[in-house]
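K.L.:
kindly generate the corresponding structure for this input.
(2 chains)
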Amino acid sequence: MPGFHNEKGVEAMAMTHKQRILAVARGEHLDKLPFGARIDVWYNYHSAHNTLPEKYKGWSQTDIVRDQGAGAQYRFFSVVKEEYQDMEVIERNEPPYIMTEYRTPLGTVSKKEIFDSSEGPWVRYEMEKIFKSENDYPVIKYIMEHIIPVDNFGAFNKVRDEVGEDGMVMTGAGLWSPVQRVMREIMGYELFFYELADHPAKVEELIEVMKDLRRRKLEVAIKCDLEIFNIDANWSDDIHTPVFKKYFTPWFQEATDLLHAHGKLAMAHIDGEMKRLIPMFLETGIDVAEAWSPAPMTSVTTAELRKAWGDKVTIWGGVPSMLFEPQYSDQEFDDYVLNLFKEVSPGHSFIVGMGDNLPFDGKIERVGRVVDLIEKYGHIPVEV
Amino acid sequence: MSDYSSLIQAILEGNDVRCVELTSEALNEGASPQDIVSSGLQAGMLIVGDKFSAGDFFIPDMLLAARAVTRAMEAIRPHLSDSGMPTLGRVIIGTVSGDLHDIGKNIVAMFLRGTGFEVFDLGTNVPSDRFVTAVKEHDPDIVGMSALLTTTMPDMQHVIAALDSAALLSQVKVIVGGAPVTQRFADQIGADGYAPDGGAAIRLCRKLLGE
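P.N.:
A predicted model of the protein is given here:
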């Protein structure tokens, strides 16, 4: 019996997880729903506490996902590193904090961070942001203007080789877009909005400097053998909606134009509340909305998102993290996943995934349960 | 009672300068500080909270409104009698152990203050025993806990257990919130209430205290 062939004539049954995910992201039609699973929160936590299930002790997270039969979704911070010139950067470890001081000809600024993935999440958290007052604008501007982007392809290639054809490495030229970096990393949301009300010209100038840095980083990153570039993450509609059209959309249009011109796709990590951002997303040019976290994690159902976006954007996600927790029974989990299949029917432009991770108390075997449900009910056209 | 519609409008616009001006004008015209606070500032903040819950306002609207009210309160404080402003209740609030996220907790704290609650903010990464100590120290009506991470939300149950062990649970109402937290989770851990956003938190606290 001949196998199913996708639009490029590749026999779908023989496709790897990576090929399947990429094919759907490019708008091709497959024989069944692909699945990319992300488990690093669960993995980091249990590795640090030596509480991985007996079978998985000593395993890599990619091997565990392989064992469950799913495609792996592996997060890597950036294919570009930042090096500093014409300033002194002093980093001190004062556990649990990392203190960093930037001494520039225009003055000194500092930040205080915690980085500890043993509880699961791996992002550095700034206990004290680098921006503290209006006096810091020129210094931070100087720092951003004197950052030299350098490729980080060696480290990326190592991770990509480890994942191989069994999944996707999600990365780009930085986790956050330029304005998101100003909002979240440099100032923090609260101070950002106070500053935007009090000193809008200075905030906008800083955003422009950050955009210029990102342009220089993308020039380096674009040479990387990476098919899908993550260009932003971690929105919440109650925070970002008022500034999205003005500050985010123009940047996304510029970045996606550049990526598309080089044959790359653009992706955003949309694990927050999206309700009022959904219509705006269509203007960004972003191809893949990853870590889609529907109700009950947020207020929007997958059916509502599909109705708004149709097949214009590839959605990756759909199974909220909390569904993997023991508070939900196996039956409730199965019912949710089957309803998800129904919501995305016939199943094009959709990659099954988690929104956004397997929680530390999540049941790893439910990753395999999704694989089984896809085998039984996830063949396209999906008819649940 | 004076007409505070302009003051309320300034709060809705997040205009702190105008808010302080109008507050000072009202004081100069002989309005009582208590009346300005309850009929002007707190009334304005309740509208802001309702607009946020209804989806008409966003976090920046909440932040700027809360800042405007805070600055107006600073202008009023010297005019208050020794007894100060009667509060609607005392609230201890904090992000639970292992969790460093603070914006949701900060918004709720600002709004509770702006609507007449006395708030003791314990910050982020607050261990159970610190909640217990703070309850002993401040004798609050409500203990509010926030968590953004699925890894940290179970700690809310640990705090409730610690309050119970210290025989303090019956003295307070426990409320919870944060992105991964749901009413179902709140019920499971025995919390007295759950609020999905800052506006709802104000209404919840007022309801729990019979306002």
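
K.L.:
please pull up the helix or strand immediately following the strand ranked longest in chain B.
P.N.:
Criterion DSSP state E: the longest strand present in chain B is strand B:89-95. On the C-terminal side of strand B:89-95, the closest following helix or strand by DSSP states H and E is helix B:103-114.

K.L.:
report the angle between the next helix or strand after that following helix and strand B:89-95.
P.N.:
Of the helices and strands lying after helix B:103-114 in sequence (DSSP H and E), the nearest is strand B:117-121. Put simply, strand B:117-121 runs at 30 degrees to strand B:89-95, going by axes from the mean of the first three to the mean of the last three CA atoms, to 10 degrees.

K.L.:
which non-adjacent residue is nearest residue B:149?
P.N.:
residue B:99 (5.4 Å; CB to CB, 6 or more residues apart in numbering or on different chains). Where you see a C-beta, it was placed from the backbone N, CA and C, and this is true even at glycine.

K.L.:
no no, residue A:357
P.N.:
Using CB to CB, 6+ apart, the nearest residue to residue A:357 is residue A:41, at 4.2 Å.

K.L.:
residue B:29 contacts residue B:2, doesn't it?
P.N.:
Yes - taking CB atoms under 8 Å as the definition, residue B:29 is a contact partner of residue B:2 at 7.2 Å.

K.L.:
who's more crowded, those two?
P.N.:
The residue with more neighbours, out of residue B:29 and residue B:2, is residue B:2; 15 against 8, by other CB atoms under 10 Å in any protein chain shown.

K.L.:
next, the nearest residue in space to that one that is not next to it in sequence: secondary structure please.
P.N.:
Beyond its immediate neighbours in the sequence, the residue positioned closest to residue B:2 (CB to CB, 6+ apart) is residue B:31, lying 4.8 Å away. Classification of residue B:31 using DSSP: H, G, I helix; E, B strand; the rest coil returns coil.

K.L.:
gap between residue B:31 and residue B:55?
P.N.:
33 Å (CB to CB, to the nearest Å).

K.L.:
of those two, which one has the most company?
P.N.:
residue B:31 (20 against 14).

K.L.:
for residue A:67, see how far away that one is.
P.N.:
71 Å.

K.L.:
mind listing what the spatially closest residue to residue A:330 that is not a sequence neighbour touches?
P.N.:
Using CB to CB, 6+ apart and skipping the chain neighbours, the partner closest in space to residue A:330 is residue A:369 (7.2 Å). The contact partners of residue A:369, by CB atoms under 8 Å, 6 or more residues apart in numbering or on different chains, come to A:330, A:333, A:334, A:337.

K.L.:
and residue A:369, backbone torsions?
P.N.:
Dihedral angles of residue A:369 (phi, psi; degrees, to the nearest 10) stand at phi -60, psi -40.

K.L.:
what separation do you get for it and chain B?
P.N.:
18 Å (CB to the nearest CB, to the nearest Å).

K.L.:
for that residue, give me the pLDDT.
P.N.:
We have a pLDDT of 98 for residue A:369.

K.L.:
over to residue B:16?
P.N.:
Value for residue B:16, per-residue pLDDT: 97.

K.L.:
from the centroid of chain A, which residue is nearest?
P.N.:
residue A:269 (3.6 Å; CA atoms, centre = their mean).

K.L.:
that one bridge partners, please.
P.N.:
Beta bridges link residue A:269 to residue A:233, residue A:290 when assigned by DSSP bridges.

K.L.:
hang on, it packs against residue A:290?
P.N.:
Yes - at 5.4 Å, residue A:269 and residue A:290 qualify as touching, with contact defined as CB under 8 Å.

K.L.:
give me the common contacts of these two.
P.N.:
A:170, A:230.

K.L.:
just checking, what packs against the helix or strand of chain B with the lowest mean pLDDT?
P.N.:
Counting by mean pLDDT, DSSP states H and E, chain B has its least confident helix or strand at helix B:103-114, which shows a mean of 88. Here helix B:103-114 touches helix A:189-198, helix B:42-53, helix B:59-76, strand B:89-95, strand B:117-121, strand B:142-146, helix B:198-208, going by 3 or more CB pairs under 8 Å, 6 or more residues apart in numbering or on different chains; DSSP states H and E.

K.L.:
highest average neighbour count across these?
P.N.:
strand B:142-146 (a mean of 28; mean count of other CB atoms under 10 Å in any protein chain shown).

K.L.:
relative to that strand, what are the paired strands and their orientations?
P.N.:
Counting by DSSP bridges, strand B:142-146 is paired with strand B:89-95 (parallel), strand B:173-177 (parallel).

K.L.:
in TSV: those, plus mean pLDDT.
P.N.:
What follows is the strands paired with strand B:142-146, written out as TSV (pLDDT from 0 to 100):
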stretch	mean pLDDT
strand B:89-95	96
strand B:173-177	97
